[in-house]
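**Q** Test case, fold it:
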Amino acid sequence: MKKIILLIALFISSLMADVKYIDIFDAYDKAASEHKKVMVMLSKEGCPGCEYMESIVFKNKDVENYLQKNFVVVHVDIDKDGLPDGMDYFATPTFYFQDADNKILKRLNGGKNAKDFLETLKEIKAKK
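**A** Numbering: from 1, shown residues only. Okay, the predicted model is just below:
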């Protein structure tokens with residue numbers, strides 16, 4: 001019963017998440033036109049780290065605002081969508097940070113707390 005309540009709560013909280021995802025096929029054009037970087041989150045259903053990132057870290061207003069302002073955000077469920085070309089993972093979540101030309105700037109394995117994730121975002125933003 002507790003698992004059902006947790007799943008319902010996570011589902012409802014995911015509906016209210018403010019981080020906007022875009023299809024990976026459109027991400028690089030959008031990033032180029034808006035002068036942003038691309039963040040691809042590889043996840044899968046039932047991943048506690050993925051749920052933490054979406055329900056806690058991405059709801060942090062500083063993280064949310066920084067992502068929206070500087071990144072095109074893509075979410076890929078590896079079980080449903082498969083892996084994008086050139087990407088792999090050890091565990092989920094795995095984050096790929098890329099430029100608009102699809103060049104990988106950094107790979108991050110696992111989640112982080114909001115403060116550390118925001119620092120990672122700032123580090124990636126500064127890369128040319």
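**Q** Give me the secondary structure label for the residue nearest the centre of the chain.
**A** Geometric centre of the chain, nearest residue: Met41, 3.7 Å, by C-alpha atoms, centre = their mean. Here Met41 is recorded as strand under DSSP: H, G, I helix; E, B strand; the rest coil.
**Q** Where do the strands of the chain begin and end?
**A** 37-43, 71-77, 94-98, 104-109 (DSSP state E).
**Q** re earlier: hmm, His75 and the residue nearest to the centre of the chain touching each other?
**A** Yes: with contact defined as C-beta atoms under 8 Å, Met41 counts as touching His75 (5.1 Å). Glycine gets a C-beta too; all of them are placed from N, C-alpha and C.
**Q** picking up where we left off before, can you put the strands of the chain in JSON lines and add mean pLDDT and distance to Glu119?
**A** Listed next are those as JSON lines, based on pLDDT from 0 to 100; distance: least, C-beta to C-beta, whole Å:
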{"stretch": "strand 37-43", "mean pLDDT": "98", "distance to Glu119": "14"}
{"stretch": "strand 71-77", "mean pLDDT": "97", "distance to Glu119": "14"}
{"stretch": "strand 94-98", "mean pLDDT": "98", "distance to Glu119": "13"}
{"stretch": "strand 104-109", "mean pLDDT": "97", "distance to Glu119": "11"}
